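S.K.: model this:
(2 chains)
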2 protein chains.
Amino acid sequence: MIMKGTLYCVGVGPGDPELLTLKALKIIRTCPVLAVPQSRTGVVTAQGILLKALDGCGVSLEDKMVIAMDFPMTRDDQVLQGAHEKAARRLQDELDQGRDVCLITLGCPTVYATSIYVHRLVHEAGYDTEIVPGVPSFCAVAAKLQQPLCEKDEALIVIPGNNAHRKELLALEGSKVIMKPSGRLAPIQEELRDLQLLDKASMIERCGLPGERVYEKAADAKETGYFAVLLVK
Amino acid sequence: MIMKGTLYCVGVGPGDPELLTLKALKIIRTCPVLAVPQSRTGVVTAQGILLKALDGCGVSLEDKMVIAMDFPMTRDDQVLQGAHEKAARRLQDELDQGRDVCLITLGCPTVYATSIYVHRLVHEAGYDTEIVPGVPSFCAVAAKLQQPLCEKDEALIVIPGNNAHRKELLALEGSKVIMKPSGRLAPIQEELRDLQLLDKASMIERCGLPGERVYEKAADAKETGYFAVLLVK
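M.R.: Modelled structure (predicted):
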């Protein structure tokens, strides 16, 4: 009987390859199988970070099996569920052969990560699983701006760009983050202006990734790419 | 003329020494001066994590100057401000001598960290500074519980135990975290019960540190130490 492998769901951090943890590096180094989610632009962003991080650490991907998991860019729950189930079955095939699998994810797997759904299916199917947390993008953005994300007794409110109650949440007391407000920024800028918060908002696009753009004033930005984070203090 | 040193404000992660980033390790390795905030119990928690992390990485603290910064455990803003100013002056003395200083902090420096106030004073005094983000405790807690912290379009609301609007924030839609609710848990449990959220709350004390305790149901916990985090899903 073959001992089943373990699924490690590993955060590689927000972009800067040096923000990988020692634990993430160790697991990537030792797992024979690497599962990599494709981003919607078709660019394998997490793998790109990873390759840079491993460069110089003496780790090569040549000896590993790399599984690219293609997740459709849709908000249709049924289509997504189907893709996650297919990916989970693929990983379970490897685990059944006794191979440990490292499923990498940008940022932290606990923070709005697609890979968590695949992890959940494999976990619920009774396999051994572990989540290795990483540095989330909002921490990297605050650090780059040399500002605290939150201090003393203030609340931190993290709002996905598509959250239906975005404006009400922005109006609350505390430190606010808007995650991935992809597309036109004007509606968000208008909400912030209404709330007299626009001059308190900063934004970074692709923090730590190639093409990074820092806006000390989010008022100066026009459109945003996929990896944008606003900080409203 | 001596070139002034740089202050690095470095997160060592939530407790597990393996959750240090490659960047944190590199900076700790190269800085001749290490500044370590004392925790309120007088135990130098961050330094403890650090020593374990460095053990085996071939880094020794023997050749470094270690500055213990004593922050009073008070909510008196004036007393705190005085302590932060004193610490900042001490670090500036080193920077003036051309020595780089690594100010370590538990978790991430951007998330409710005392060291950020010292960083801010040194930054405002015109010195070169950099913040190196780390894995925050709430990510490590969610990872250990094998749960997402937040998913899809839901908001993530992080509430310090002493926040005056705790109950109203807990009543909001989304994923909630309560940070460091030190002391008696009963008032928080009562609020959660009122909101029919008590059976959705988990808690970890000292996640990744010696003496870690995991409560799948926060209802089962009685008192909490300083490093407790509740996750309410």
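S.K.: tell me which element A:E191 falls in.
M.R.: helix A:186-194 (DSSP states H and E).
S.K.: Give me the contacts around the longest helix along chain A.
M.R.: If you go by DSSP state H, chain A has its longest helix at helix A:77-96. With C-beta atoms under 8 Å, 6 or more residues apart in numbering or on different chains as the test, helix A:77-96 has contacts from A:2, A:4-7, A:33, A:35, A:65, A:67, A:69-72, A:74, A:101, A:103, A:117-118, A:121-122, A:125, A:127. Using the backbone N, CA and C atoms, a C-beta is placed for each residue, glycine as well.
S.K.: buried ones in that helix?
M.R.: A:80, A:83-84, A:87-88, A:91-92, A:94-95 (16 or more other C-beta atoms under 10 Å in any protein chain shown).
S.K.: got the residue ranges for the strands in chain A?
M.R.: A:6-11, A:33-37, A:65-69, A:101-105, A:128-132, A:156-160, A:175-179, A:183-184, A:201-205, A:213-215, A:223-224, A:228-232 (DSSP state E).
S.K.: Domain-wise, how is chain A divided?
M.R.: The domain map for chain A lists A:6-132, A:137-232, with the assignment taken from automatic domain parsing.
S.K.: Check the offset of the last one from the chain's centre.
M.R.: From the chain centre to the centre of domain A:137-232 is a distance of 16 Å (C-alpha atoms, centre = their mean, to the nearest Å).
S.K.: now do the longest one
M.R.: How far domain A:6-132 lies from its chain's middle: 11 Å, per C-alpha atoms, centre = their mean.
S.K.: Can I get the longest helix of chain A in CSV? Just the C-alpha atoms.
M.R.: Extracted C-alpha coordinates of helix A:77-96, given in CSV (Å, rounded to 0.1, in the frame of the first residue of the first chain):
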residue,chain,number,x,y,z
ASP,A,77,-20.3,29.6,-9.7
GLN,A,78,-21.1,26.3,-11.5
VAL,A,79,-18.3,26.8,-14.1
LEU,A,80,-15.9,27.6,-11.3
GLN,A,81,-16.9,24.7,-9.2
GLY,A,82,-16.4,22.4,-12.1
ALA,A,83,-12.9,23.8,-12.7
HIS,A,84,-12.0,23.4,-9.0
GLU,A,85,-13.2,19.9,-8.9
LYS,A,86,-11.2,19.0,-12.0
ALA,A,87,-8.1,20.5,-10.5
ALA,A,88,-8.7,18.7,-7.2
ARG,A,89,-9.0,15.4,-8.9
ARG,A,90,-5.8,16.0,-10.8
LEU,A,91,-3.9,16.7,-7.6
GLN,A,92,-5.5,13.7,-5.9
ASP,A,93,-4.1,11.5,-8.6
GLU,A,94,-0.6,12.6,-7.6
LEU,A,95,-1.3,12.3,-3.9
ASP,A,96,-2.7,8.8,-4.5
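S.K.: orientation of it relative to strand A:65-69 in degrees?
M.R.: 170 degrees (axes from the mean of the first three to the mean of the last three C-alpha atoms, to 10 degrees).
S.K.: where does chain A have low pLDDT?
M.R.: A:39-47, A:53, A:56-58, A:226 (pLDDT under 70).
S.K.: returning to what we had before: and of the strands of chain A, who's closest to B:A143?
M.R.: If you check each of the strands of chain A against B:A143 by C-beta to C-beta, strand A:128-132 wins as the nearest, at 3.9 Å.
S.K.: So is the closest one next to chain B?
M.R.: Yes - counting by C-beta under 8 Å from any C-beta of the partner chain, contacts between strand A:128-132 and chain B involve A:129-132.
S.K.: List the residues that contact A:D63.
M.R.: Here A:D63 is in contact with A:P32 (C-beta under 8 Å, 6+ apart).
S.K.: Can you tell me how far it is from A:G48?
M.R.: 19 Å (C-beta to C-beta, to the nearest Å).
S.K.: Kindly report the same for A:G107.
M.R.: 14 Å.
S.K.: Those two - which one has more neighbours?
M.R.: A:G107 (27 against 18; other C-beta atoms under 10 Å in any protein chain shown).
S.K.: Surely the more buried one is in contact with A:G13?
M.R.: Yes - if you go by C-beta atoms under 8 Å, A:G107 and A:G13 touch, sitting 6.6 Å apart.
S.K.: which residues do these two both contact?
M.R.: What both A:G107 and A:G13 touch, as defined by C-beta under 8 Å, 6+ apart, is the set A:134-135.
S.K.: re the thing from before, want to try JSON lines for the domains of chain A, with distance to B:A164 as columns?
M.R.: Listed next are those as JSON lines, based on distance: least, C-beta to C-beta, whole Å:
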{"stretch": "domain A:6-132", "distance to B:A164": "26"}
{"stretch": "domain A:137-232", "distance to B:A164": "7"}
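S.K.: What's the separation between A:E216 and A:S182?
M.R.: According to C-beta to C-beta, A:E216 stands 21 Å off from A:S182.
S.K.: Revised request: answer the last question for A:K86.
M.R.: Distance from A:K86 to A:S182, counting by C-beta to C-beta: 25 Å.
S.K.: circling back: which of the contacts of helix A:77-96 are close to chain B?
M.R.: A:Y117.
S.K.: Please, a ChimeraX command that selects the buried ones among the contacts of helix A:77-96?
M.R.: Buried residues within the contacts of helix A:77-96, by 16+ other C-beta under 10 Å, are selected in ChimeraX with:
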select /A:4,5,6,7,33,35,67,69,71,101,103,117,118,121,122,127
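S.K.: Alright, that wraps it up for me.
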